[in-house]
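Colleague: build the 3D model from these lines:
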Amino acid sequence: MISSVPLSVPLTVIFAATGGYSLLRWASLRAGVAGHHGDRVAELSHLVMSAAMIAMVWEYGGPTGNAAQIVLFTVLAGYFLTRLPVGRRTRPGGCPAPGFHLLMCSSMVWMLAAMPLLMGGLATDSAGGHMHDMPMGGADAAGQDGQPPSATPAWAVVVTVALSVALLAAAGYWLRRAVGTPARPEVAVGAEVPALVGTGAARVAQPPARSARRTPGRVPAALTPRRDALCHLAMSVGMAAMCLAML
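Modeller: Numbering: from 1, shown residues only. Take a look at the predicted model:
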C-alpha cells in the first residue's frame, strides 16, 4: 500500500512493538499475573490488528485474505459494541475503553473494504495487491489494462479523513492518559483498601488484605497502565497514518 520505504519501516516497527506488547499483556491476563485489569479479547484484537497492519504496509495478502479480515474485525467490532454499557460502569473488570477499540476495528474494516475505491488509480497485480512500480504500456496515469485510473469518490475521501481525525483525537486522549497516569501500576484487582480503626484522635491503619491474585513477575509488572496508554497512542497514530496514506 505504501510505496515509501522511509514511511513503511517506522510503521512496521510501531506495529511490531504494539503487537508484542499486546501479546505480553494477553499472556499476563490469561495467567492471572497482570498488575492491573484488562480484557483478553481487547489484547488479542490489538495483536491481530498489528499483524494485519504490517501485512497491509507491505501488501501481503489478497482478496481472500482481505475478506477474512473484514469478517474478523466486524465480529470484534460487534464484541466491543456489546461492551459499551459495561465500559460506562465503574466495575474494575470491564473492558477498558471499548469505544476506542470499536473505532479501531471499524477503521480496519473500512481500510480493507475501501481499498479498491481509495487506491483505484494504482495498478493491481494478479494476487489482488497494489503495484507501485511505473505503469506498463507507456501511459503515465494508466492502469495495467491501459485505461486511465478511476477517480476516488468524494464520500470515500470524507469517511477516510473523518476516521483519521477520530484516530488522532484518540491519540491525544491516550497521550493525556500516558502523561497523567502514574508510572507505578495500580493496586491489583481484588486487593482491599486499608481500613482505619480506633477511637478518638489515635487511628491505626490495618495492613491491606492479601490479594488472591498471584504476584506478578518482572515482565508482567512492567506492563503498567502508562505503557498501556502508550501502546494505544502508538496504534492510534499508526492507523491514522495508514488511513491518510490511502488517499
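
Colleague: strands along this structure, start to end?
Modeller: 123-124, 130-131, 196-197, 204-205 (DSSP state E).

Colleague: look at A221 and report its pLDDT.
Modeller: With respect to pLDDT, A221 scores 76.

Colleague: excluding sequence neighbours, find me the nearest residue to it.
Modeller: Once flanking residues are discounted, A221 sits nearest to G35: 5.4 Å by C-beta to C-beta, 6 or more residues apart in numbering. To be clear about C-beta, it is placed using only N, CA and C from the backbone, and glycine gets the same treatment.

Colleague: same deal with V109?
Modeller: Once flanking residues are discounted, V109 sits nearest to F73: 5.0 Å by C-beta to C-beta, 6+ apart.

Colleague: pull the contacting residues for that neighbour.
Modeller: Counting by C-beta atoms under 8 Å, 6 or more residues apart in numbering, F73 touches 49, 52, 105-106, 108-109, 112.

Colleague: quick one: which of the residues you listed is nearest to R40?
Modeller: R40 lies nearest to M49 out of the contacts of F73, by C-beta to C-beta, at 14.6 Å.

Colleague: burial count for the residue lying closest to V157 once chain neighbours are set aside?
Modeller: Nearest non-adjacent residue to V157, counting by C-beta to C-beta, 6+ apart: L247, 6.2 Å away. Counted with other C-beta atoms under 10 Å, residues neighbouring L247 total 12.

Colleague: do you know the pLDDT at L247?
Modeller: pLDDT, L247: 85.

Colleague: please apply the same query to G93.
Modeller: pLDDT for G93: 60.

Colleague: likewise P185?
Modeller: 53.

Colleague: same question for G38.
Modeller: With respect to pLDDT, G38 scores 88.

Colleague: contacting residues around it?
Modeller: 25, 29, 96, 228.

Colleague: 6 Å instead?
Modeller: Shown in contact with G38 (C-beta atoms under 6 Å, 6 or more residues apart in numbering): L29.

Colleague: V109 too?
Modeller: Going by C-beta under 6 Å, 6+ apart, V109 touches 70, 73-74.

Colleague: and the residues you listed, which of them are in helices?
Modeller: 70, 73-74 (DSSP state H).

Colleague: which of those sits closest to V57?
Modeller: Distances from V57 to the ones in helices among the contacts of V109, taken by C-beta to C-beta, are shortest for F73, at 16.6 Å.

Colleague: look at that closest one and report its pLDDT.
Modeller: Looking at F73, its pLDDT is 97.

Colleague: quick one: it from P63, how far?
Modeller: Relative to P63, F73 is positioned 16 Å away (C-beta to C-beta, to the nearest Å).

Colleague: check L244 too.
Modeller: Computed as C-beta to C-beta, the L244 to P63 distance reads 24 Å.

Colleague: and these two? Which one has more around it.
Modeller: Comparing L244 with P63 by other C-beta under 10 Å, the one with more neighbours is L244, at 14 against 11.

Colleague: for that one, which non-adjacent residue is spatially closest?
Modeller: Nearest in space to L244, with sequence neighbours left out and distances taken as C-beta to C-beta, 6+ apart, is S164 at 5.3 Å.

Colleague: next one: F100
Modeller: Nearest residue to F100, sequence neighbours excluded (C-beta to C-beta, 6+ apart): A170, at 5.5 Å.

Colleague: list the contacts of Y21.
Modeller: Counting by C-beta under 6 Å, 6+ apart, Y21 has contacts C231.
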